[in-house]
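K.L.:
Everything below, folded, please.
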Amino acid sequence: MAKKKFGKRPPTPAEPASGLWLRALELAQSPACAVITGLFVLACVFFATAYPLEDLDIWWHLRTGKYICQTGVIPRADIFSYVIHGKPWVTFEWLSQALFYKVWEAFGPLGIFAWRELMAALLFGALFLSGAGVPLAAGAILLFGLSFAGPGILERPQLFTYLFALLFRLLAEIFPARPRLAAAAVIGLAVLWANLHGGASVVGPLILAVVAAGRFLGGERAAARRLLVLAAAAAAAALVNPHFYRIYTHLFATWFEPAQKWVLEWQPLSTSDPQFPFYAAYLLLLAAAAFLLPAPRKFAALLLAGLFGAYFGFRSARNVPLAFFVTAPDLLAAAKVFFRERKKPAALLLPLLAAWIVYGYTVPLKMVRPGPVSPDPIAREWLSGACDFIAGHGLTGRMYNDYVIGGYLIWRLAPERQVFVDGRSLEYGALMMHRIAGISMREGFKDLDGEYKFDYLVFQQRKDSRLLYLDDDPDWRCLYFDDGGLVYAHRRRADAALAERLGFRYLRPNEQSFGYLDAYAGEPRAAAAVLKELDRAIAQAPARLAANAYLMKSSFLLAKNGPEAWARWVRAAGDRFDYPQWHAQYREAARILAETNRAMKPNGRAARI
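P.N.:
Down below sits the predicted model:
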């Protein structure tokens, strides 16, 4: 009988399936995969944020920057509104405003557009690099974050706050290993941050303090003390700005200002907001993933998630992007731990991560920001026609304007004309914001007009039937309207002559439908007067903003001349507007003329389409 040989058992070959998963994991963590995923993520970020310049505050930022660059003076009191003229004004974003104007001066609106996209690329690119080693997981996390943080990527100084907050979070992790380098970077960034976005720079020291608390809870008390010292140094360095400590008092005044309840972006994140489910899911994932991290960072991640993610994020919708950029490095760090310590489950996740990156993220993104986007940086200058009319016809006196359009009117009409109100809600106060909110009702308007005696009014075009009282009021005449704005003048004040000469007597641009014009279709003199007003409305509006006037004329011609003549006019006008109503009328006109053409052919005649 042969003797058995004892000793080490020879290694058995790895199971084919196991080897396949490990190979897939290696490929998913390869440099090639990182490059491809990173470029794809940046491309997605661009196409998700490549919408027109649409922030309402960019315009008064540009005008302030122009004033600073041309005069070399940082304004300390208001210069744009006759309501608060001379009132102290903390221009805490002065450096951002000067930079915006210089970019605009050199490259126009395309320069601001490019700056915004560059900042978005820096933010998401820095996050992606912090997730080095797990590119598919990093890409999936970033594209999920894009679904609720992307709408906050606007051409505003707060983009600097997002970037510096992210850098402070990353520097807090670097500080123990390279304290001198990290400390020097923190101090330099704090000074720059305070001049670019004022009191918002307090976010940096706050991040360092929260991380220090996490290290303290994790048993690293010496490291916690050093971070607290660095946080204090950063807060002190931020005082190197033209307004000194007032950037902090202004921040806290803004944070607790009752006027914020009238500003949409300061409202708490509601369950009805499209971002809510995705943001809430992100916070739950972040809280669960934090337990994969070692003790000091685990506590810091949970504290940051609670303060920035839950408190700041849900307290105000505008803080959601900030919360993401502050907390995402911790989720990426947890993903690294997961892929390192749980290889088989991580490998099983790879197909899901790849599918999400390629397609899945577009679903929540479209829910948050529906409709196509395109890099057309000037499409939001929808009040250009109204401003050209005001300047060209020399309207004078006190202007009333909607809150949302004050910034653009400052950009276009200052300093010759001062606005009633603009986006600086803190400077105007809660009482004024409350009174402005009532302008759509006759009583609210009468209250303000009784005090300020407006000479002319400028409204954003919104087809608001509540403003019909202006069309009914014999003291006011609409002088101008287009798809972007409306201009009214008082008949017995500074612009009375213009009100009599240019005021519309038949057209009511606030009506929801144009059927009211049908009453004039059968009266030759009234019909001729209506057509004259319609032609003037079309002529004085910029071509791209004349759809409302064309639709109004189309409705009147159908009632006056009948379907065939109407169809010929519509087809002659052309399919010139990207409005569903106009497209529908253009197709209907083609159908009518085609039927007319078929009906006339037996008689040897043909209708020309």
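
K.L.:
Run through the helices of the stretch 1-150 of the chain in chain order.
P.N.:
16-28, 31-49, 58-71, 94-107, 109-130, 135-149 (DSSP state H, counting those that start in this stretch).

K.L.:
these two touch, right, residue 38 and residue 128?
P.N.:
Yes. Residue 38 lies in contact with residue 128 (Cβ atoms under 8 Å); the separation is 5.3 Å. C-betas here are computed from N, CA, C, even on glycine.

K.L.:
anything in contact with each of these two?
P.N.:
135, 139 (Cβ atoms under 8 Å, 6 or more residues apart in numbering).

K.L.:
Centre-most residue in the chain?
P.N.:
residue 154 (4.3 Å; Cα atoms, centre = their mean).

K.L.:
Just give the closest residue to that one, not the sequence neighbours.
P.N.:
residue 55 (4.3 Å; Cβ to Cβ, 6 or more residues apart in numbering).

K.L.:
and the helix or strand hosting residue 536, what does it pack onto?
P.N.:
Following DSSP states H and E, one finds residue 536 within helix 524-540. Other elements packing on helix 524-540 under the criterion 3 or more Cβ pairs under 8 Å, 6 or more residues apart in numbering; DSSP states H and E are strand 476-481, helix 547-561.

K.L.:
Tabulate the CA atom coordinates of the first one in CSV.
P.N.:
So that's strand 476-481. Extracted C-alpha coordinates of strand 476-481, given in CSV (Å, rounded to 0.1, in the frame of the first residue of the first chain):
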residue,chain,number,x,y,z
TRP,A,476,-52.2,104.9,-16.7
ARG,A,477,-51.4,104.0,-20.3
CYS,A,478,-49.3,101.1,-21.6
LEU,A,479,-46.7,102.5,-23.9
TYR,A,480,-44.8,99.4,-24.8
PHE,A,481,-44.9,95.6,-24.4
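
K.L.:
Could you check how far that strand is from the centre of its chain?
P.N.:
Distance of strand 476-481 from its chain centroid, counting by Cα atoms, centre = their mean, to the nearest Å, is 31 Å.

K.L.:
what packs against it?
P.N.:
By 3+ Cβ pairs under 8 Å, 6+ apart, strand 476-481 packs against helix 384-393, helix 468-472, strand 485-490, helix 496-502, helix 524-540.

K.L.:
thinking again about what came up before, tilt between the helix holding residue 536 and helix 384-393?
P.N.:
If you take axes from the mean of the first three to the mean of the last three Cα atoms, to 10 degrees, helix 524-540 sits at 100 degrees to helix 384-393.

K.L.:
Report the mean confidence score over helix 524-540.
P.N.:
The average pLDDT within helix 524-540 is 96.

K.L.:
what do you get for stretch 328-340?
P.N.:
95.

K.L.:
Need the residues that contact that stretch.
P.N.:
Against stretch 328-340 from outside (Cβ under 8 Å, 6+ apart): 25, 29, 127, 130-131, 133-134, 137-138, 141-142, 145, 166, 169-170, 173, 285-286, 289-290, 292-293, 297, 300-301, 304-305, 345-346.

K.L.:
Likewise for stretch 513-531?
P.N.:
505, 506, 507, 508, 551, 552, 553, 555, 556, 559, 560.
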